[in-house]
Structures are given as structure tokens and as C-alpha cells.
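Asks: I would like to see how this sequence folds:
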Amino acid sequence: MMLNLNTKTKVLNKKVGSLMLLALAIFISVTGYVILTKPAAKAVETTLPIKTAEVKAMDFSGQVALTGIMDAQEKSNLSSQLPGMVIAVRAKEGSFVKKGDTIISLDKKDLLNQLEQAKAGLANSQAQAEQARLNYENSENDYNRFQELFKSGAISQQQMEQITLKRDIAKSQYETAQGAALKAAQANINAINLNIAKADIKSPIDGFLVTLNVSVGDTIGPGIPLASIVAIDQLALTGNLSENYINYVKVGDSVEVTVESIPNRTFTGKISYISPASIPTGQFFPVKVAIDNPEGILKAGMTAAAKITVKNSSVLVIPNSALLRRDDKDFVMVVKEGKAVKIAVRTGLKNEESTVIVQGLQARDRIIINGADGLADGEEVKE
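Replies: Now for the predicted structure:
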């Protein structure tokens with residue numbers, strides 16, 4: 001009896017297990033079907049916000065930047081026109097000198113001796129001229145007297161010719177002594193006086209003596225650099241301006257100048273020169289800016305930056321956000337027939353908000369001003 005009961009229990013457990021396995025199989029089957037037949041989730045569309053605007057012609061104001069080195073607007077290198085020995089140096093390096101001040105003096109002894117001799121020569125020439133005048137007057141009187149005698153037949157034709165010749169020679173000698181001889185003697189004196197003046201080497205400008213290369217006792221020759229003087233009341237900033245901007249500026253335009261070594265200061269200047277020819281490599285043109293320096297705090301050799309405010313009438317202007325740059329080239333995305341088209345452009349003036357377009361666009365072109373970075377050339381545009 002006991003054996004029978006155990007056998008029944010085992011049979012019942014097998015049936016329960018089989019039912020559980022069947023239920024699990026049915027669950028897996030149904031769940032898999034649901035998973036396989038459930039529609040896929042719809043992809044979320046991620047589109048960049050696109051904003052466009054129309055290109056318009058308008059008046060534009062911007063700034064052109066010019067960077068360069070400041071130099072003295074006026075400077076002079078002193079040298080002697082004569083050979084000689086230095087007997088005095090009348091200024092020190094770093095001192096301020098005025099136009100006409102003597103900086104270096106040469107020995108004038110030989111020149112002064114030459115001057116005395118020349119003056120004596122002039123006096124002798126003057127005496128000779130005076131004697132020649134008296135001789136001429138006497139011969140003229142003799143000529144007039146003998147002419148009357150000749151008319152009355154008191155003297156012969158030969159005698160009259162001799163008197164005439166004597167008068168003509170005296171006249172010629174007087175004219176020579178009074179003219180060429182005196183002028184030559186006076187010219188000699190003038191030349192010596194000029195050399196005496198040249199023996200004092202003077203400053204041709206107001207400024208500072210920045211270099212002095214000579215000492216008392218030195219023997220110098222013509223053309224040897226002796227000293228240099230610079231005027232710093234006005235400096236010149238020299239830089240190169242791109243061909244894109246050169247026609248926007250003109251001589252006389254006001255300029256704001258800043259110097260890195262003098263912070264929190266702005267100096268005023270004016271364009272004094274614009275080269276009509278570019279530098280040898282092309283594309284850039286030398287420009288000079290004259291900068292007033294009444295306080296003397298600006299120094300030659302300092303680096304400075306100039307900002308020139310310029311205005312243009314009726315030019316094509318786009319927002320800076322529309323301007324893209326790749327591979328050192330500027331371009332914008334233009335909307336044509338609903339697609340973004342990459343257009344290369346040439347830019348002009350710029351300010352903080354906008355850029356002038358010199359080439360590549362036309363008025364009323366529709367351009368992408370926001371969202372152009374993520375667009376490919378030819379990609380469809382939806383605003």
C-alpha cells in the first residue's frame with residue numbers, strides 16, 4: 001500500500017513539471033512575438049536652426065588698423081664739408097640743441113690766414129683799378145685834345161691813330177681792373193668766409209643730440225658721420241596697409257594711436273604719406289602717420305598701433321556671423337533654389353558687427369547668417 005502511494009506522488013510531480021515547462025514555453029513564445037512585431041521607435045529629427053537675410057547696400061563705418069615702428073619725423077646726421085682738426089665739441093649726447101647751435105668747431109687758423117691774404121689781394125686789385133681809372137681818364141683827355149689838333153691839321157693822321165690806340169688800351173685795362181679782377185678778388189674772399197662758416201658744424205633742426213662720434217683733437221675728413229640729432233616733438237609711425245584698405249584712407253585723415261609700452265593712453269595723429277607703389281612683394285602699401293609728442297614720452301623705435309576710422313557710402317554689408325573662413329579663404333552660404341551654395345568672397349572694411357563685401361555677392365542675394373557652419377555645399381535649406 002505504501003509503495004502505491006509513492007508511485008502516485010511521483011507521477012503527479014512529473015505532470016506538474018510538464019505543465020510548468022509548457023507554460024514557460026508559451027510565455028516566451030508570446031513575449032518574443034510581441035517584441036519582434038512591435039514597431040520601431042521613430043528617429044528624432046535634429047535640425048540646426050537656420051536664419052537667412054538679404055544682402056543690402058548701405059553706408060558703412062569701420063576702422064582700419066596699422067601697426068609699425070615709430071621713428072623721428074625729422075632727423076639729421078652731421079658731417080663736415082671740410083677736412084680739419086676738431087678744436088671744440090659744444091654739446092653733449094642727450095642734450096637738447098636748437099637750430100643754428102654750433103655742435104662741433106674745427107681749427108680755422110689756416111682759413112683766417114687765407115682770408116687776410118685774400119683781403120690784401122682785394123685791396124691791391126682795388127688800387128690797380130683806381131690807377132687804371134686815372135690812366136683811362138688821362139688818355140681820354142689826351143684823345144679829346146689831340147682830336148681838336150687833328151681837325152685843325154696840327155698833327156698827322158699817324159699821331160692821331162697812336163693817341164686813339166693809347167686811349168683804347170687804357171679803357172680796356174680799366175674795364176678789366178674794375179670788373180673781372182675785382183670780382184675775382186671778392187669771390188675769393190667770399191669762398192674763404194664760407195669755409196670759415198663751415199668750420200662751425202651747426203644743427204639744422206631743433207632736437208636731441210643722440211650720438212656724438214668725435215672728440216677734441218680728432219682729425220676728420222669730409223663726409224664722415226660725426227653726430228646725429230632727432231626731433232621728437234613729432235614722430236612718424238610707418239606701417240604697411242593692405243591693398244584691400246589702401247583706397248579707403250587719404251592724407252590728412254585723423255588717427256588714434258596706442259603704444260603697448262604706455263598703457264591707458266591714446267595719442268592723436270594724421271596720415272602724412274601714402275605710397276603710390278606697393279612694397280616689392282606686392283599687396284601692401286607703406287603709410288606714414290605723423291604723431292604729435294608734446295610731452296616727449298613717445299620714443300623713436302617704439303611699436304605702435306593706429307586705428308583709422310573710415311566711412312563708405314552704399315556698399316554691400318553682411319553680418320559677421322555670415323562670414324565663414326576655411327583654408328585661409330572667406331566665403332558665405334547663399335540660398336539658391338532652396339539649397340545652400342558656398343560662395344567665395346573678398347572682404348573690405350570690418351567693424352564689430354559687420355563686414356563689407358567687395359567681391360562675390362550682389363544686392364538682394366539671400367545668405368545664411370546663422371547655422372551655416374553645419375551645412376554642406378548643395379545641402380537643402382529649411383528656414
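
Asks: May I see the domains of the chain written out as residue ranges?
Replies: Using automatic domain parsing, the domain parsing of the chain gives 51-59+314-374, 66-71+228-313, 108-198.

Asks: give me phi/psi at Ala363?
Replies: Backbone geometry at Ala363, expressed as degrees, to the nearest 10, gives phi -60, psi 140.

Asks: I'd like the domains of the chain as a markdown table, with distance to Asn77, mean pLDDT and mean neighbour count appended.
Replies: Using the backbone N, CA and C atoms, a C-beta is placed for each residue, glycine as well. Listed next are the domains of the chain as a markdown table, based on distance: least, CB to CB, whole Å; pLDDT from 0 to 100; neighbours: other CB atoms under 10 Å:
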| stretch | distance to Asn77 | mean pLDDT | mean neighbour count |
| --- | --- | --- | --- |
| domain 51-59+314-374 | 40 | 90 | 16 |
| domain 66-71+228-313 | 5 | 92 | 16 |
| domain 108-198 | 16 | 89 | 15 |
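
Asks: Using TSV, lay out these together with distance to Val97.
Replies: Formatted as TSV, the domains of the chain follow (distance: least, CB to CB, whole Å):
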stretch	distance to Val97
domain 51-59+314-374	44
domain 66-71+228-313	6
domain 108-198	18
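
Asks: Which of those domains sits closest to Ala88?
Replies: Smallest distance to Ala88 across those (CB to CB): 10.9 Å, for domain 108-198.

Asks: quick one, which of the domains of the chain is nearest to Lys382?
Replies: Comparing those by CB to CB, domain 51-59+314-374 comes nearest, at 8.2 Å.

Asks: and the end-to-end length of that closest one?
Replies: In domain 51-59+314-374, first residue to last residue: 13 Å (CA to CA, to the nearest Å).

Asks: distance between it and the chain's centre?
Replies: Computed by CA atoms, centre = their mean, to the nearest Å, the chain-centroid distance of domain 51-59+314-374 equals 32 Å.

Asks: picking up where we left off before, go through the domains of the chain and name the closest to Val214.
Replies: Per CB to CB, nearest to Val214 of those: domain 66-71+228-313, 11.8 Å.

Asks: So for that closest one, first residue to last residue, what's the gap.
Replies: OK, domain 66-71+228-313 end separation, CA to CA: 22 Å.

Asks: Figure out how far it is from the centre of its chain.
Replies: In this view, domain 66-71+228-313 has its centroid 6 Å away from the chain centroid, taken as CA atoms, centre = their mean.

Asks: Of all the domains of the chain, which one is nearest Pro222?
Replies: Per CB to CB, nearest to Pro222 of the domains of the chain: domain 108-198, 9.8 Å.

Asks: how long is that closest one from one end to the other?
Replies: Rule used - CA to CA; the end-to-end distance of domain 108-198 is 10 Å.

Asks: Looking at the domains of the chain, which is nearest to Phe208?
Replies: That would be domain 66-71+228-313 among these, by CB to CB, at 5.9 Å.

Asks: ok, so what distance separates Ile103 from Ile232?
Replies: To Ile232, Ile103 is 17 Å away according to CB to CB, to the nearest Å.

Asks: Kindly apply the preceding question to Gln173 instead.
Replies: Taking CB to CB, one finds Gln173 at 62 Å from Ile232.

Asks: next one: Lys151
Replies: Distance from Lys151 to Ile232, by CB to CB: 84 Å.

Asks: ok so, going back, ok, which of the domains of the chain comes nearest Gly221?
Replies: Here domain 108-198 is closest among the domains of the chain (CB to CB), at 13.4 Å.

Asks: Off-centre distance for the closest one?
Replies: Relative to the centre of its chain, domain 108-198 is centred 62 Å away, using CA atoms, centre = their mean.

Asks: what does stretch 59-72 give?
Replies: How far stretch 59-72 lies from its chain's middle: 10 Å, per CA atoms, centre = their mean.

Asks: circling back: Phe96 is nearest to which of the domains of the chain?
Replies: With CB to CB as the measure, domain 66-71+228-313 is the member of the domains of the chain nearest Phe96 (9.5 Å).

Asks: Show me what secondary structure element comes after the helix or strand harbouring Ile103.
Replies: Using DSSP states H and E, Ile103 sits in strand 102-106. Where DSSP H and E defines the elements, the next helix or strand beyond strand 102-106 is helix 109-151.

Asks: which is the next helix or strand following that next one?
Replies: Heading C-terminal from helix 109-151 (DSSP H and E), you reach helix 157-176.

Asks: what's the angle between that next one and helix 109-151?
Replies: Orientation check (axes from the mean of the first three to the mean of the last three CA atoms, to 10 degrees): helix 157-176 against helix 109-151 gives 160 degrees.

Asks: Which strands or helices does helix 157-176 pack on?
Replies: The contact analysis (3 or more CB pairs under 8 Å, 6 or more residues apart in numbering; DSSP states H and E) places helix 157-176 against helix 109-151.

Asks: My guess is Glu353 contacts Ser321. True?
Replies: No - Glu353 is not in contact with Ser321 according to CB atoms under 8 Å; the separation is 9.1 Å.

Asks: can you tell me which residues contact Gly207?
Replies: 72, 74-76, 96-97, 229-232 (CB atoms under 8 Å, 6 or more residues apart in numbering).

Asks: Kindly report the same for Thr347.
Replies: 244, 323, 330, 355-358.

Asks: can you give me the helices in the stretch 151-300 of the chain?
Replies: 157-176, 182-198 (DSSP state H, counting those that start in this stretch).

Asks: and the last one, what does it pack onto?
Replies: Applying 3+ CB pairs under 8 Å, 6+ apart, one finds that helix 182-198 makes contact with helix 109-151.

Asks: Output the contacting helices and strands for the helix it packs on.
Replies: Counting contacts by 3+ CB pairs under 8 Å, 6+ apart, helix 109-151 packs against helix 157-176, helix 182-198.

Asks: partners of the closest residue to Ser95 other than its chain neighbours in the sheet?
Replies: Using CB to CB, 6 or more residues apart in numbering and skipping the chain neighbours, the partner closest in space to Ser95 is Leu209 (5.4 Å). Note on Leu209: beta-bridge partners by DSSP bridges are Ile229.
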